[in-house]
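Colleague: Got a predicted model here, sequence first, then my questions.
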Amino acid sequence: MFDMYTVKNGDTLLSIAKKFNTTPEVIKQINNFASLDGLRADMDIVVPKGMEQYYDYYTINTGDSLYSIARRYNINPELLASINGLNMDDYIYPDQRIIIPKAGYSYYITAEGDTLNTVAKTFNVSKDKILQQNPEIYLLAGQMLVNKTNK
């Protein structure tokens, strides 16, 4: 679900996000960027690859909140915030684009110290199934992994 990308001169978080059909927030989150100051040419970063099958995009409207969006799509608000690199109290603004996890999958955001074993136990599946559904795992803290559920 992820690939490595080497930052080029002139790249910005927004231009990289557009190349990979994602949001700057997602790239920031999966790379654990506290700020954008560290982005520089020749730096390798992790970018989403082929994840569209696992989520849809949603454009924020005036009056939306993470809670209202989560309720509308019947998902956990903390998960919604986390997969978009947001905190629950972060401001969201009209025309901002976020990702909405699709039904039929379980999602897990890795944490410092996670191993393939701990992720497999969290999903209650074998390591082989995790590897099959997430062919390129770097196990960086903050990486989103998915597991297809039987619904």
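Modeller: Nice, I can see it. Values in this document were obtained by computation on a predicted structure and should not be read as measured data.
Colleague: Run through the protein and note the low-pLDDT ranges.
Modeller: Along the chain, the model assigns pLDDT under 70 to residues 1-2, 35-38, 49-53, 135-147, 149-151.
Colleague: just the strands in it please.
Modeller: Using DSSP state E, the strands found in the chain span residues 2-6, 44-48, 55-59, 97-101, 105-109, 144-148.
Colleague: want to throw these into TSV with distance to Arg72 and mean neighbour count?
Modeller: From N, CA and C alone the C-beta is placed, and that goes for glycine too. Written out in TSV, the entries for the strands of the chain read as follows (distance: least, C-beta to C-beta, whole Å; neighbours: other C-beta atoms under 10 Å):
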stretch	distance to Arg72	mean neighbour count
strand 2-6	28	15
strand 44-48	23	18
strand 55-59	9	14
strand 97-101	9	19
strand 105-109	17	17
strand 144-148	21	20
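Colleague: Take the ones you listed and lay them out in CSV including distance to Glu78.
Modeller: As requested, those are exported to CSV (distance: least, C-beta to C-beta, whole Å):
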stretch, distance to Glu78
strand 2-6, 22
strand 44-48, 20
strand 55-59, 16
strand 97-101, 12
strand 105-109, 10
strand 144-148, 13
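Colleague: which stretch among the ones you listed comes nearest Ala81?
Modeller: Each of those was checked against Ala81 via C-beta to C-beta, and the shortest separation belongs to strand 97-101, namely 9.2 Å.
Colleague: partners of that closest one in the sheet?
Modeller: Pairing partners of strand 97-101, with direction, according to DSSP bridges: strand 55-59 (antiparallel).
Colleague: Next, the angle from the partner strand to strand 44-48.
Modeller: For strand 55-59 against strand 44-48, the angle between stretch directions is 90 degrees (axes from the mean of the first three to the mean of the last three C-alpha atoms, to 10 degrees).
Colleague: what inclination does strand 55-59 have with respect to strand 105-109?
Modeller: Counting by the same axes, to 10 degrees, strand 55-59 lies at 70 degrees to strand 105-109.
Colleague: Please tell me how far strand 55-59 is from the chain's geometric centre.
Modeller: Its chain's average C-alpha position is 12 Å from that of strand 55-59, according to C-alpha atoms, centre = their mean, to the nearest Å.
Colleague: got the contact list for that strand?
Modeller: With C-beta atoms under 8 Å, 6 or more residues apart in numbering as the contact definition, strand 55-59 has outside contacts at 69, 73, 83, 95-102.
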